[in-house]
Every structure is written in structure tokens, then in C-alpha cells.
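**Student:** Prediction below, plus the sequence it came from.
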Amino acid sequence: MLRLLSFFMFLVFIVRSSKAMALEGENSCSMDHTPQIIGSIGGVFYSSSRVGKEQKIAMELALQDFHRSTCSKLLSEIRDSHGSSALAVSAASDLIHTEKVQAIVGILTKEEAGLVSEIDKIVEETPIISLTSYSPTLPSRTRLSPSLVQMGGDITQQINCIAAIVGHFRWHKVTAIYEHIHDYSTEARIINLLSKSLKRVDSEMEHRSFFSPFSSLSDPRTAIEEELKKLRSRNNRVFIVVQFSLQLAIILFEKAKEMGMMGNGYVWIVSNDIASLLDSVDSSVISSMQGVLGLKTKFEDTSKSFRDFKLKFRAKYALEYPEEEEKLNPSIFALQTYDATQALAQAMQNVEDNFSSKKVLENILSSNFQGLSGKISFSNNKQSNEETFQIINVVGKSYRELGFWSPELGFSGSFIKHNGSAQEWGPVYWPGGPLTVPKGWNYSFEERQLKIGVPAIGAFRQFVSVNYDQRMNGTSVTGFSVSVFEAAVRLLPYQLPYQFVPFYGSYDDMVEQVHQKRLDAAVGDTEIIADRYSLAEFSQPYVESGLVMVVKVEPEKKRTWMFLNTFQKEMWFLMAGMSLFVGFVIWFIEKGDNPHFDGFGSMLWFSVTVLFFVQSILRHSIEHFQMAGEPIKSNLARFVLAPYLLVILIVTASFTASLSSMLTVSQLQPSAVDVESLQRANAAVGCNGNSFIIRYLVSLGFKLENIRTIDSIYDYPDAFERGAIAAAFFVVPHAKVFLAKYCKGYTMTGPTFKLGGFGFAFPKGSSLVFDISEAILRVRENGEVQRLEKELLSSSNCSSSPSNLVDDPRLGPEPFWGLFLVSGGISVVALLITVASLLGKRCRASTSLTITLIKIRIFRWASMTLFTPTSRGNSIQDSNTDRRQVMAIIAQS
């Protein structure tokens, strides 16, 4: 009964739609009007597919609407590609040569159009509007046709949208599934493009799975089932379906549901090829796709032009394909075909009397109108407007909208937008029904727990300790590294069943077992180094590390010239230079008026004696500086000497205190200061023989026979006491534990060789490493690592550890810089004053001499001497007298 009622209502809908179309035709162009045929176009579609059926209907409707609006008619011929690239190329060539079409609209890719254009000159010049997606970043394997116009969307934008979704949910591994639709197409290169986009969001493509074209599969259900079995056996649970036909996608999701791959933990993302056709599939297909995420090209579906087109499309589609009466809505592919046909028809109508394919192409590229699919305009033979994608979630009997994504703005719509990223999604219905985000991978926990290897014979049991627990009748694994791992696991958003497996071998062997996947992970004080990183992936370091040298400390020996060690050599040079400078300034001030400062030797003697008589000077007065040998008369010299005496007093007091400390207190020093000193002495060194340190020391230049392996922290003191080793090499966390336990008699010295830190090892490609790394960061940030380190690693046998070890006990000039600057500055000022005073005296003496010479009429004397012979005898006598007077004046000045 219900079937009959549905069929009756369907007939009513067709009749009403047909009447509406007829009335529209009568109102536009008179029925008895003879149409003007302006040309012929061809179409190449995959007629048995849903997209091909929609494109055929849309093209026919576009030609009908063009005829009604212009009373001009375009003849059309349509060919079926049967899903084959070779047949598509052959069909296009046949349309041009046999049917003499002047342009083609169809699903030819740019590679296929290039092959068509290589046939002959006529084909090359025929405009072809391609409705398939393209990528401007992917190079073509064939020569591009100059008359190709690409109307389909940019596949790069779809790829970036998919990568943005993956990045938002932080899925670090994905599997790509695609159909090899075209023989000359670029599916594989598009998958490579997806791989690059995923890397930009910290994800990667773990596996790719491809299917042969649907038309070439003899038993598509079996083929899909076999491939899904392989995918199910893998750990990854995030599947991205791109470049896939609807027919094959329907079977894919039906089989996935049957095999339990549409349940909890799985993620499915479909591209525009499938998501845009969900309005045209029946309820059984929607039922098998529950929880799927998809992106579909957004278009305006509320305009009058779209509603009119939708009504005519549904009516025509129902007439031609009555077996598909349930879903008759047009998709974006029908709208793009309609707009492409309209653009081509308008271009051919605008060609003047002399028809030219070149002119048609120019008219197409100059198109600028608002179509059903959006704004229609072209740039560089491509659709110029950017697509906006609607993010959908299949749930219930249809799907719901989550938001939008565009290349320019990123996520928007119902998302909370922040810097172009989706900060908050609405409730997403995932496969299986949960609202929590799937982690995206699975280790088949139902079958087994994770086997976590731990070092059972490590030298430092504070990090990992493996013991037999009689009460529990099993192995107990404890320690700092184990506690950090357990704290990180507790922060994971899911349960992680695991068991610790003691490993009785070296750390390198344990990492090798992880590499061979005999262990699912390795937990312990495992250093991250380059050699191991090539075998396994490591988590974020939970403790910083480096290689350091620990040596014994010994009392410093009393040497003959030990007093020189009270000051650094810079301090000695500064004191000598300051003494000479101050002595020179005082000598320069006093030398004119004080006979005791009559030579350069007296300056040197003053510079030395002032150091030893400073106490006496301060006890008496600077005026009676007789004890130093030379009394000071000038107040300016006293002004220079006073701050310098304060400098000498403080420096000598510091010298006395430092020397007393060195002579009376036993100072400790490292027995070896650096690696080079050990190598020069050919000394033996010790390290953990179970770690990488042996080969690291060899790379530093140590001889293998000089490296002693030590198995336990408790064996190091005995090796030092016996003289078996001169130094021990530890990683920093081990060194801290050793020094906390043996705080007296040992110290770290020399440089620190930076390393990667302690981390947990996982097999290459493991998704668990990302989650554990994030958890470790959170454990470090909340202070848990510091608390565990203080609780488990900082135990000490020393109640107090007053170490007398001083890196450099010598005093440098730094504490005295202020005093030296004040004293030196005063000395410089006094020197400048003295020099200025002397220059003033010389200037005044020169002026006095000139005036005297004028007064005794020196010039008259010279003229009489040179030019008056008659008075030569008297003049000679007078000139001698004047000359003596002048010389006396010069001498006085």
C-alpha cells in the first residue's frame, strides 16, 4: 500500500514539474519560432555513474534554458567514457572529427586533453572545458592543451582542508585510500601532495591503499574485503578516502560496517567526490556511513535560480532514471556542468559571422557571471574563485553541518574561530557512537598487553630496580624512570594495558629489540643518542642529560711560590701599573719644588716604598712622609696620595687574609681537571659497561685498554681507592646520584658533553610516542618529575657537606675596580692640572721676553749694526752691551 502511495505521489510530482517546464518554455520563446542553430558542442561523461548522470541532465537543461532565453539553439552530442581514460580520449577525438563539434564539455583531465590536442591541429584548437579537479602545483606528464579550460575545483584546497581536520584532532598517522580512476591521471601524485600537507600539521601517511577502477573490477566486493582485512590488521585507525567513485565507496562502507571497521576507535574522512553526493544516496548507504566526516563544496542553495533548477532537474532526472526515485537532488557536479555549458553557449553566441575556435576560447575566458555553483570567471585558463568547503558529519538519516573551511580564513561557521583554526568543535558523532575523539590507532589490546622492556642489570638501581617480590610471587619493577612512565600513562586520555618485562642485556640490545618489535617499548634510564635514534623513536626527554667526569678531590700541595696564588696575574699587573702611575704623577707634581724628587730613580723608589710604609703614613700624617724617604710638600700630591693609600690598605688586607687562609686551611682540588690531562697521563677511567659510554670515550680519544667497566654504583669508590681508575664518566643524572651518596671526596670537573637526555623508546612509526611525549611535558610542567627526583634520587649519606673545594681561590681585580677607578681618576685629574700649570708658566715667560726685547730697541740695534758703517766702532760696543742684557733676560725666563 505504501509503495503504491509513493508511486502515485511521484507521478503527481512529475506531471506538475512537466507542466511548469512547459509553461516556462511558452513564456520565453514562441513554440512556432524557428530556432537559430549557432553551433554544435559535445559532452564526455561516465554515463553509468551518478556524477555522469547528473552532468548529462545538467548539460541538457542548460541548453534548453539557453534556447528559451535566446531563441538560439546549440546541437549536442554526448559520449560515454565508461570510466576509462583511453575511451574518454577516443570519444573526444571522435566528437571533433566525426560529429564536427566545435567545443567539448566533459570529465577529461588535463593529461587526457593534452593527448587529444596532440592528434592534429583541428583538435588542438577546439576548446575543451574540463570538469575534473586539478592541481596547479602538480606538473603534467603530457603537453598541456592551449585550448583547455579547467572548470573543476583545485584539489590542493581539498587536500589542505583534510590536513587541517587531521591536525586539529592531532592524529599523527593516517591511511590514504584512493581509486585509480584515470590511466593518465595523477592520483598517486595527489596522494603525495596529501602526504606533504599532513607533514605540515605534524602528521604522516603511514600507509596508502589503492583500488583499480570500479569498471575494471570483476568482483569489487571481494577485492574491497581483502584490502580491508589488510587495513584492519594494521594499528592505524584513521582512513582518508580521496579520489573515489560513489559506486565503489558504497561497497567500501558496507563492507567496513560488516567487518566491524565502523565501530569504536575508527575514523573515516571522505573528500568532496563522495561527500557532495550524500544527498543522492539512499538510507541504507547513510546507515553504513554513520560517524563519517566529510567535506563538500559549498554553494548557495537558497536562491531562486537554484530552486528553479532543482525543480527542473528532479523532474528530468526522474523521467530518465525512474529506478532512482528516492534521491533526486542535484550535486555540485551538476551545477558546475550547468554553468560550464552556459558559459560555452554564451561564448559561441557572441562570436560574430566568422566562426573561430580561438574567438570562442577568448569569449569563454572572459566570462563573468553569477552561476549556480558560484562566481564564474577565469584566470590562466582556470576558475579563479576559491572554494569554500562545508565540513559535515554523517549522523542519523542524513548529515549535519559542523562548519566551514576556506583557504583564506581557515575554519569558520559553528567553530570557535581563532587565528584560522578550529578551537572548538560541536559534538561530533564518531563511528560506533562515542562523542570522545578516537586516538586514531590501536595495538589490539584485546589480544595482549604492551610488552615494556626495562633494564634489569643497570648500574644505578635508583632509576630502574628489578626485584622478586615473594609476597606477590612475581617480579617487582620500581625506580625513578618507572615512576615517571607510570605518571605519564595516568595522564593519557585512554587506558593503556602494559606489563614490564625485565631485559638482561645492554641498553643498546634493548633498543634493538624495540627496533625488531619484539618489545613494544623500552622504559628506563635510556640515553637518547644518534645511534639509537636511527633504530627507534624516542619520547620527549623526561630528564636533561650530558656526559660528565667525576674525580677524587685531594688537598692542595704547599708550593715555594704559593703566595703568588693569592692574586690572579691580572691583579698583579694592575697593582704594579697603578703604583708606577701614581708614583709618576706625584713625582711630576713635586719635582720642581721638592729637591728629594730630582730624578727618575726617586720616582721608582717612591712607588715601591709607599706600599710598605702605608701603615706608618696613616698612623702619623702625609705631611711627615719621611719614613718613605721623601717628604711631600704639594697639596695636590697629597690629594693624589690619599685615595691611593686607601686602595693599598684594602688590597694588602685582602692579600693577608687570602694568604692566611691558604696557609692554614686545607684546600681541596680535583685530582684531574679535564679529559686532556687524563689522556696525557695515559690514566685509566671507569664507566658503566652496560651503556654507550665506552664507545663515546673511544670517540673522545681514550684507549680501549684504559677504559674499565664498572657494574654498580657501589664499586666506584673501591676502584678510586685502589687506584684502578683516575676518573669516572657518568651521565649527569647518574653523577648527581653518585655525588649525593658519596658527597665527600669526589667532585664533577671538566666540560659537560651534551646529550639528548633520558627518554622512552618506541618502534619506528608508533603513534604512542606522540601521546607519551605530550604526557611527559605535562608531568614535567605540573612538578611531578621534580617531586619524584627529590624523593627517589636525592637521598644522601652526608648530614652536612662543607666542601673546601674552590674552583679558583685567587683574588681578581673585580672586587677592587671601584677603588682603582676613583684613585686612577684623581691621579689623571691632578696630572692634567699640573701640565696645564706648567704650560701657563711657559706662556707667561715667552710674553715677558717679547716685551723686554722691544723695550731695549732690539730692532734699532740690528739696523744700526747692519746699515751704518760710519758709527761701526761705537755701535759694536753698544750692541755687545745690549746682547748681554737680552741673554740675561732669556736666562731669567
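**Tutor:** Cool, the structure landed. Residues are numbered from 1 along each chain as shown.

**Student:** At which residues are the helices of the stretch 151-300 of the chain located?
**Tutor:** Here the stretch 151-300 of the chain has its helices, by DSSP state H, counting those that start in this stretch, at 155-169, 187-199, 220-232, 246-258, 272-275, 283-288.

**Student:** low-scoring stretches of the stretch 351-500 of the chain, by residue?
**Tutor:** Scanning the stretch 351-500 of the chain for pLDDT under 70 picks out the ranges 352-353, 413-425, 443-448.

**Student:** For the chain, which helix or strand comes out least confident on mean pLDDT?
**Tutor:** Lowest on mean pLDDT, DSSP states H and E among the helices and strands of the chain sits strand 417-418, with a mean of 38.

**Student:** weakest of the helices of the stretch 151-300 of the chain by average pLDDT?
**Tutor:** The minimum mean pLDDT among these belongs to helix 187-199 (a mean of 85).

**Student:** Please state the offset of it from the chain centre?
**Tutor:** Here the centre of helix 187-199 is set off from its chain's centre by 20 Å, with C-alpha atoms, centre = their mean, to the nearest Å.

**Student:** which residues make contact with it from outside it?
**Tutor:** With contacts defined as C-beta atoms under 8 Å, 6 or more residues apart in numbering, helix 187-199 is touched by 135, 137-138, 155-156, 159-160, 162-163, 166, 174, 176, 178-181, 204-205, 208, 210, 240, 242-243. For every residue, glycine as well, the C-beta is placed using N, CA and C.

**Student:** Tell me the buried residues within those.
**Tutor:** The neighbour count (16 or more other C-beta atoms under 10 Å) marks 135, 155-156, 159-160, 162-163, 166, 174, 176, 178-179, 181, 205, 208, 240, 242-243 as buried among those.

**Student:** which element is Ala740 on?
**Tutor:** Element membership of Ala740, judged by DSSP states H and E, is helix 732-741.

**Student:** tell me which strands and helices that helix is in contact with?
**Tutor:** Applying 3 or more C-beta pairs under 8 Å, 6 or more residues apart in numbering; DSSP states H and E, one finds that helix 732-741 contacts strand 546-555, strand 746-754.

**Student:** Could you tell me the angle between it and strand 546-555?
**Tutor:** With axes from the mean of the first three to the mean of the last three C-alpha atoms, to 10 degrees applied, the angle from helix 732-741 to strand 546-555 works out at 30 degrees.

**Student:** Helix 732-741: how far from the chain's middle?
**Tutor:** Helix 732-741 sits 34 Å away from the centroid of its parent chain (C-alpha atoms, centre = their mean).

**Student:** next one: stretch 713-728
**Tutor:** For stretch 713-728, the separation from the chain centroid amounts to 44 Å (computed by C-alpha atoms, centre = their mean).

**Student:** what's the model's confidence in it, averaged?
**Tutor:** 90.

**Student:** and if you look at stretch 510-520?
**Tutor:** The average pLDDT within stretch 510-520 is 93.

**Student:** do stretch 842-858 as well
**Tutor:** 65.

**Student:** that older thread, and the contacts of the helix holding Ala740?
**Tutor:** With contacts defined as C-beta under 8 Å, 6+ apart, helix 732-741 is touched by 459-460, 462-463, 525, 543-548, 550, 688, 713, 716, 728, 730, 746-748, 752, 758, 793-797.

**Student:** Which members of these are classed as buried?
**Tutor:** Buried members of the contacts of helix 732-741, counted by 16+ other C-beta under 10 Å: 459-460, 462-463, 525, 543, 545-548, 550, 688, 713, 716, 728, 730, 746-748, 758, 793.

**Student:** picking that back up, between the helix holding Ala740 and strand 746-754, what angle do the directions make?
**Tutor:** Orientation check (the same axes, to 10 degrees): helix 732-741 against strand 746-754 gives 170 degrees.

**Student:** and the residue nearest to Asp508 when sequence neighbours are not counted, how many residues sit next to it?
**Tutor:** Residue nearest to Asp508 in three dimensions, not counting chain neighbours: Phe692, with 6.6 Å by C-beta to C-beta, 6 or more residues apart in numbering. By other C-beta atoms under 10 Å, 21 other residues sit near Phe692.

**Student:** Asp711 versus Phe692, what's the distance?
**Tutor:** From Phe692 across to Asp711, the span is 16 Å (C-beta to C-beta, to the nearest Å).

**Student:** Could you do Ile528 as well?
**Tutor:** Taking C-beta to C-beta, one finds Ile528 at 23 Å from Asp711.

**Student:** Tell me which of these two has more neighbours.
**Tutor:** Shown here are Ile528 and Asp711; by other C-beta under 10 Å, Ile528 has more neighbours (19 against 12).

**Student:** Just list what the longest helix along the chain packs against, helices and strands only.
**Tutor:** Criterion DSSP state H: the longest helix present in the chain is helix 817-855. Identification of packing neighbours for helix 817-855 by 3+ C-beta pairs under 8 Å, 6+ apart yields helix 569-590, helix 635-664, helix 872-892.

**Student:** Least confident of the ones you listed, on average?
**Tutor:** Among the helices and strands packed on helix 817-855, helix 872-892 has the lowest mean pLDDT, at a mean of 52.

**Student:** now the closest residue to Leu295 other than its chain neighbours, which residues is it bridged with?
**Tutor:** Among residues not flanking Leu295 along the chain, Phe389 sits closest, at 4.2 Å (C-beta to C-beta, 6+ apart). Counting by DSSP bridges, Phe389 is bridged to Thr297, Trp405.

**Student:** Next one: Phe389 relative to Tyr134, how far apart?
**Tutor:** Distance from Phe389 to Tyr134, by C-beta to C-beta: 16 Å.

**Student:** the more surrounded of these two?
**Tutor:** More crowded of Phe389 and Tyr134, by other C-beta under 10 Å: Phe389, with 27 against 21.

**Student:** contacting residues for that one?
**Tutor:** So Phe389 contacts 157-158, 161, 272, 295-298, 404-406 (C-beta under 8 Å, 6+ apart).

**Student:** Just the terminal-to-terminal distance for stretch 689-697.
**Tutor:** Length of stretch 689-697, first residue to last, C-alpha to C-alpha, to the nearest Å: 12 Å.

**Student:** now swap in stretch 526-534 and tell me
**Tutor:** Stretch 526-534 end-to-end distance (C-alpha to C-alpha) = 14 Å.

**Student:** For it, buried residues please.
**Tutor:** 526-529, 532.

**Student:** Report the mean confidence score over it.
**Tutor:** Per-residue scores along stretch 526-534 average to 89.

**Student:** who touches Arg232 in this structure?
**Tutor:** Contacts for Arg232 (C-beta under 8 Å, 6+ apart) come out as 259-261.

**Student:** Dump the residues you listed to CSV, plus pLDDT, neighbour count and distance to Gly701.
**Tutor:** What follows is the contacts of Arg232, written out as CSV (pLDDT from 0 to 100; neighbours: other C-beta atoms under 10 Å; distance: C-beta to C-beta, whole Å):
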residue, pLDDT, neighbour count, distance to Gly701
Met259, 92, 15, 60
Gly260, 91, 11, 60
Met261, 93, 20, 57
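
**Student:** of those residues, closest to Glu124?
**Tutor:** Met261 (47.7 Å; C-beta to C-beta).

**Student:** Test my guess that the closest one contacts Lys230.
**Tutor:** No: using C-beta atoms under 8 Å, Met261 makes no contact with Lys230, being 11.6 Å away.

**Student:** elements contacting the helix or strand encompassing Ala343?
**Tutor:** Secondary structure assigned from DSSP H and E places Ala343 in helix 332-349. The elements that helix 332-349 packs onto, with contact taken as 3+ C-beta pairs under 8 Å, 6+ apart, are strand 36-45, helix 50-70, strand 72-80, strand 103-106, strand 128-130, helix 304-320, helix 357-365.
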